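Peer 1: Sequence plus the predicted model coming up.
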Amino acid sequence: MSTAIDTPPATTEEVTAQGKARAKRGETLAGWAFAAPFAVLFGLFLVVPALYGLYLSFTGETLTGAGSGLVGFSNYADALRDPDMWKSLGNTLWFTALSTIPLVVLSLALALLVNLGLPGRWLWRLSFFLPYLLASTVVVMFWSWMYNPTLGLINGVLAKFGAAPVAWLQDPKVAMISVVITTLWWTIGFNFLLYLAALQNIPEQQFEAAALDGAGKWRQLFSIVIPQLAPTTALLVTLQILASLKVFDQIYMLTNGGPAGTTRSIVQYIYESGFTGYRFGYSSAISYLFFALIVLVSLAQYKLINRRSVA
Amino acid sequence: MTADFSRRSLLKTAAALAGGGLLVGCAPGASRSTANLNYWHLLTGGDGTVMAGLVDAVNAANLGFHTTQTVLAWGPPYYTKLAMASAGGRAPDVAIMHASRIAGYAPGGLLEPWDLDLLAEAGLRESDFPARVWEKCQYDGKLYAIALDTHPFVLYYNTEHAEKAGVTEALHTLKSPEEFTEVATKLQKVTGKHGLSYGYLGDGAQMWRLWYTLYKQTGADMTLVPGQPAKVDKDAAVKTLSFVQSLLNDTIASRSGDGGTATSEFLHGESGMFFGGVWELPVLKEAKLPVDAVPIPTMFGTQAAYADSHTFVLPRQSKVSPERRKHVYTMVAELLKRSVKWAGGGHIPAYQPVATSAEYQALKPQSNYAGIPDYVNYDPDVWFSGAGSDFQNYFAENVQNVFLGSGDPAAGFDGFVARLNKLLDRPQPV
């Protein structure tokens, strides 16, 4: 009571500061309220399962609950000694290398072509982008028929030219390339669209100035267009590598990882270890190893991009 | 204003209804009448149509229950869902399972055993089934499955080509790999293309079915016990793998035949013989092909055939309704009694009153191979083997290049055994 009296009256500045703080607190609350629906779902369906998966990776948990209990790092040690884990990881990296480069380079080429101002531009734009809107199941249906070694469209066309039939999805040497071709057709539209938007954002004056200085079209491409697109390229490479590392559905449906495991991706191996092999603990351990790899890739890219923007 | 209000209330009602519908959809079948049976299976195509017909026929018999079937995609998707449903205790009342998968489901408590007394009440006894099939349905001394059929891997041949090549007799009597090669070579001369069609590329199951038939014909065994190295007969394995390799030489049979190519080749009369499962029969018959089927000839001394069986199992439920369970016994018995229809799809009925009936014996070529259940061989009993399991993929991963002609049989087989040993070395997860 006495303290209240003893306290000197608050200055106006302090009053407004208090009011601001209160208003800020109200704002923060409202912010949380708006974020809550997402935060709750994010926590429930992402954070909690991810942490539970981390816990599982240290247990011998199986589908039936047999063999549960902590086993320390033995799942991790097992995984590192598992040739199938390494093989499917290798397949995933191979797929990433095979798919990322054409998905970035070709989409740029397509965007440049469309940007030339060809007649019927909307049709080009539509036909390059449309496949991206299809569900993976639909895409796989198309392509598995086209790849069919006896009845397929591709071998049919090849036969017209007298070429020998190719076992697109059954030949261990060709299967991964077929998967990449399908992926390319399916997902290039997204990259294409981003490039096209970026192209249309390059200020027209730069081209005019370059033309005045006597720069030809090719010179303009290498000195203006490609440098101006650098941020887009960096973004696309990042997104593409992450997307390719996660590859699962088209492979699962086209080849189911075959022939002889040559197209089995790491995500499929995680699925198989857990759901058809019943070893949830082991499969969680592999997914955390894979997670570590993705974090490393992301950090490396972040460093690279940062250095470039500083320079 | 009123329009706005009513639109809102309409939306609210719709949302409430949708939400309610979802909840009802998710709720366990507690409120389900005991007269409603849920039945899961993985039979599609021709088999699916026949099964649906059988279920309808049993429903129409008004036995006091109604069965609703749920058809799921064959292979891993089906078995994964069934295992998850059983692990959660909310499984269907009855389901189809390959006999070869019981060893992977029974030990983990995912299945419940059938009660022999209740079976007898429903009219089913041990003597109604072939001994080897009945035995495969057991695990640890308990009966976990009731077999519907046996579906072996057999040899089809084009009767016209065989007649022309003069090998019809030999196809029924040949006793050695050399004689088989001779028959195939003669047939090749008649067709001008291939003597034999065999699709295996990218399909571990197909490789396993043929090879395991031949391996068992040598009298060899494959014993897989967790915690111990695999017991196999490498000499027999190499001998039979080399024989398969010798057939796939682009003259007798295509070196790199996949399922679709092999079927279409045989259907177009471009080959004389075809290795396939009995389930291929409807397609071949529909094509009006002059076709006959026989068990794969005994070439290595011991009569043996690879097969699997579709069986009925009781997946684990956390709450079992005794009345519904009783209906399941009746439903299975009634289905088996009608299983001569099932034989139309090529399968050998397991239920002996049907298998020995005049109606079944009159089916050709089904009755040619009706004796197979007496010497049938299933996959080795171990939790990771069986139809649609990864086991057959492991076989393919190591042996496909042997079949393709580029790999060494001994090295391929060693790779497969190494893979098995790795799995046997791990603690059994079920």
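Peer 2: Received, thanks.

Peer 1: Check whether the one residue in the stretch 51-200 of chain B that gets nearest to chain A sits in a helix, strand or coil.
Peer 2: Taking C-beta to the nearest C-beta, chain A has its nearest neighbour within the stretch 51-200 of chain B at B:Gly108, 3.5 Å off. Every C-beta, even on glycine, is put in place using the N, C-alpha and C of the backbone. Secondary structure, DSSP: H, G, I helix; E, B strand; the rest coil: B:Gly108 is coil.

Peer 1: thought it was touching B:Arg101?
Peer 2: No - using C-beta atoms under 8 Å, B:Gly108 is not in contact with B:Arg101, being 11.7 Å away.

Peer 1: More neighbours: which of these two?
Peer 2: B:Arg101 (25 against 21; other C-beta atoms under 10 Å in any protein chain shown).

Peer 1: how near is the spatially closest residue to that one that is not a sequence neighbour to chain A?
Peer 2: Leaving aside its sequence neighbours, B:Arg101 sits nearest to B:Gly386 (C-beta to C-beta, 6 or more residues apart in numbering or on different chains; 4.0 Å). Taking C-beta to the nearest C-beta, to the nearest Å as the criterion, B:Gly386 is separated from chain A by 11 Å.

Peer 1: how close does B:Gly386 get to B:Lys175?
Peer 2: 31 Å (C-beta to C-beta, to the nearest Å).

Peer 1: which one is residue 75 nearest to, not counting chain neighbours?
Peer 2: The chain I'm using is chain A. Excluding its sequence neighbours, the residue lying closest to A:Asn75 (C-beta to C-beta, 6+ apart) is A:Ala285, at 3.6 Å.

Peer 1: hmm, I had chain B in mind actually
Peer 2: B:Gly388 (3.6 Å).

Peer 1: ok and the residue in the stretch 101-250 of chain A nearest chain B?
Peer 2: A:Gln170 (4.1 Å).

Peer 1: hang on, the earlier thing: so what's the residue nearest to B:Arg101 up against?
Peer 2: Neighbouring residues of B:Gly386 by C-beta atoms under 8 Å, 6 or more residues apart in numbering or on different chains: B:98, B:100-101, B:103-104, B:308, B:379.

Peer 1: Restricted to strands, list those residues.
Peer 2: Judged by DSSP state E, those include B:98, B:308 as members of strands.

Peer 1: can you tell me how far B:Arg316 sits from chain A?
Peer 2: B:Arg316 is 9 Å from chain A, by C-beta to the nearest C-beta.

Peer 1: ok, that residue touching B:Leu110?
Peer 2: Yes - under the criterion of C-beta under 8 Å, B:Arg316 makes contact with B:Leu110 at 5.5 Å.

Peer 1: joint contacts of these two?
Peer 2: Common neighbours of B:Arg316 and B:Leu110 (C-beta under 8 Å, 6+ apart) are B:86-87.

Peer 1: More neighbours: which of those two?
Peer 2: Using other C-beta under 10 Å as the criterion, B:Arg316 and B:Leu110 rank with B:Leu110 on top: 25 against 20.

Peer 1: Leaving out chain neighbours, which residue sits closest to that one?
Peer 2: B:Ser86 (4.0 Å).

Peer 1: That neighbour belongs to a helix, doesn't it?
Peer 2: Yes - the assignment for B:Ser86, made by three-state DSSP, places it in a helix.

Peer 1: That one touches B:Tyr105, doesn't it?
Peer 2: Yes - between B:Ser86 and B:Tyr105 there is a contact at 7.4 Å, judged by C-beta under 8 Å.

Peer 1: any idea how far B:Ala343 is from chain A?
Peer 2: Distance of B:Ala343 to chain A, computed by C-beta to the nearest C-beta: 30 Å.

Peer 1: And that residue, its phi and psi?
Peer 2: phi -70, psi -20 (degrees, to the nearest 10).

Peer 1: The one 4 residues further on too?
Peer 2: Summarising the backbone geometry of B:His347 under the convention degrees, to the nearest 10, its torsions are phi -70, psi 150.

Peer 1: Report the contact partners of the nearest residue to it once chain neighbours are set aside.
Peer 2: Sequence neighbours aside, B:Asp149 is the residue nearest to B:His347 in space, at 3.7 Å (criterion: C-beta to C-beta, 6+ apart). B:Asp149 makes contacts with B:309-310, B:339, B:342-343, B:347-350, as judged by C-beta under 8 Å, 6+ apart.

Peer 1: Dig out what B:Thr150 forms beta bridges with.
Peer 2: Under DSSP bridges, the beta-bridge partners of B:Thr150 are B:Ile348.

Peer 1: who's in contact with it?
Peer 2: Counting by C-beta under 8 Å, 6+ apart, B:Thr150 makes contact with B:130, B:133, B:307-309, B:347-348, B:350, B:372-373, B:376.

Peer 1: Which helix or strand contains the residue of the stretch 301-430 of chain B found nearest chain A?
Peer 2: Closest to chain A within the stretch 301-430 of chain B is B:Pro429: 3.6 Å, counting by C-beta to the nearest C-beta. Assessed by DSSP states H and E, B:Pro429 sits outside every helix and strand.
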